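*Asks:* after the sequence you'll find the predicted model.
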Amino acid sequence: MPRSYVREDVPLSRFGVLVAQLESIVASASQQSPDPLLCFDLLSDLISAIDEEPKESILLWQRKCEDALYSLLILGARRPVRHLASVAMGRIISKGDNISVYSRVSSLQGFLSDGKKSEPQKVAGAAQCLGELYRQFGRRITSGLLETTIIATKLMKFNEEFVRQEALLLLQNALEGSGGSAAASAYSEAFRLIMRFAIVDKSFVVRIAGARCLKAFAHIGGPCLGVGELDNSATHCVKAIEDPIASVRDAFAEALGSLLALGMNPQAQVQPKGKGPFPPAKKLEGGLQRHLALPFTRANGAKSKNMRFSLTLSWVYFLQAIRLKYFHPNSELQDYALQVMDMLRADIFVDSHALACVLYILRIGVTDQMTEPTQRSFLVFLGKQVF
């Protein structure tokens, strides 16, 4: 619990005035619903005041501010308001007494776990705030990741798509915030949720959130994911990039590139905490051929252009991750360039769209990431391959 700070005979600062106004709005909510525009303006000013206020003043009002923000969130605020309230909660804990993050996380988890409190707007507000706290303080609260994952699974049962979307945004923030350092059971449950529910949801915004959770898994090193899970995830991503909605295809294309990059770097695969046995870290052999090259060359029909373009994005995301995240040398990009060019050498009719896709990969994924001397030698190498 945060420490108590005496405020007697202390003049109100701008921050204190804003906290008092927020308390007044929350206190009168039983007679009159808070006005969204008024709340939005007040919270915007509050966030600015937190940034400008000295820590000593923040400490004087921190507890009252947190309580008011929590109350506003569980009243069922609309999305722009609950977003600002969640940001304000994270900012004041970060600048003030950090120890209160534990009690706030516990309160939010308790609210979301209570089956009787199931109004969609209220649940969404609490979930968004919990996700924001995980985003900022995830390494401190990894012990609660399993409970948070169970909460996200529960929220996926709501009919309202915005609640299911918030559940997955919460899960994404919790995964990225934990950084792969939580218990193995939490990651196993999270992966099960993503694969069984998120990526096959009827709502496209929820499927996009599911793809971002897969990308988050790859970003933190894929704890509890062996070669089989990585391969299965990539297979589902390839299937998902046949989706008729472009934003869904783009999200899964990015997830696919990230998963394959992790699969090609077993040294970056994280072994979670807890009792094993855990799947050994191994390289995903043949992953690029199976999930990028073959689908590209086999694409045909009315959806072939969309399919190829999504796979092109996956190639670029993969190559960027290889270079920027896993720090492979420039020389390895040339080896991958050969695999890209081989997609045009397959026994298929090479149309202008396929050629344009390959050239895009070579330019954005390969040459733009090279140093100038390496670019010159690569262009000579490329010329020999073409002619």
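*Replies:* Done, it's in. Numbering: from 1, shown residues only.

*Asks:* run a quick neighbour tally on Gly383.
*Replies:* Residues lying near Gly383 (other C-beta atoms under 10 Å) number 9. C-betas here are computed from N, CA, C, even on glycine.

*Asks:* tell me the buried residues in whichever strand or helix holds Ser331?
*Replies:* Here Ser331 is covered by helix 330-342, with elements defined by DSSP states H and E. Buried residues in helix 330-342, defined by neighbour count with 16 or more other C-beta atoms under 10 Å: 330, 333-334, 336-337, 340-341.

*Asks:* can you check stretch 359-371 too?
*Replies:* When burial is assessed from 16+ other C-beta under 10 Å, stretch 359-371 yields the following buried residues: 360-362, 364-366, 369-370.

*Asks:* which one of the residues you listed sits closest to Ala261?
*Replies:* Proximity of the buried residues of stretch 359-371 to Ala261, judged by C-beta to C-beta, is greatest for Gly365, which lies at 11.5 Å.

*Asks:* need the three-state assignment for the closest one.
*Replies:* In the three-state summary, Gly365 is assigned as helix, counting by DSSP: H, G, I helix; E, B strand; the rest coil.

*Asks:* that one against Leu313, yeah?
*Replies:* No. When contacts are counted by C-beta atoms under 8 Å, Gly365 is not listed as touching Leu313 (9.7 Å).

*Asks:* in the stretch 251-387 of the chain, what spans have low per-residue confidence?
*Replies:* Within the stretch 251-387 of the chain, the ranges that satisfy pLDDT under 70 run 275-276, 346-350, 387.

*Asks:* ok, 90 please
*Replies:* Along the stretch 251-387 of the chain, the model assigns pLDDT under 90 to residues 271-281, 299-303, 330-331, 344-352, 371-374, 379-387.

*Asks:* return the member of the buried residues of helix 330-342 nearest to Ala240.
*Replies:* Using C-beta to C-beta, Val340 is the member of the buried residues of helix 330-342 that sits closest to Ala240, with 21.9 Å.

*Asks:* for Trp315, see how far away the closest one is.
*Replies:* Between Val340 and Trp315 the computed distance is 6 Å (C-beta to C-beta, to the nearest Å).

*Asks:* identify the contacts common to these two.
*Replies:* Contact with both Val340 and Trp315 is made by residues 361, 365, according to C-beta atoms under 8 Å, 6 or more residues apart in numbering.

*Asks:* who's in contact with Phe197?
*Replies:* Listed by C-beta under 8 Å, 6+ apart, the contact set of Phe197 reads 153, 156, 210.

*Asks:* how does it look with 7 Å?
*Replies:* By C-beta atoms under 7 Å, 6 or more residues apart in numbering, the contact list for Phe197 reads Met156.

*Asks:* what number of residues lie near Ala281?
*Replies:* Counted with other C-beta under 10 Å, Ala281 comes out at 17.

*Asks:* confirm that it sits in a strand.
*Replies:* No. Ala281: not assigned to a strand; according to three-state DSSP it is coil.

*Asks:* how close does it get to Leu171?
*Replies:* Applying C-beta to C-beta, the value for Ala281 to Leu171 is 24 Å.
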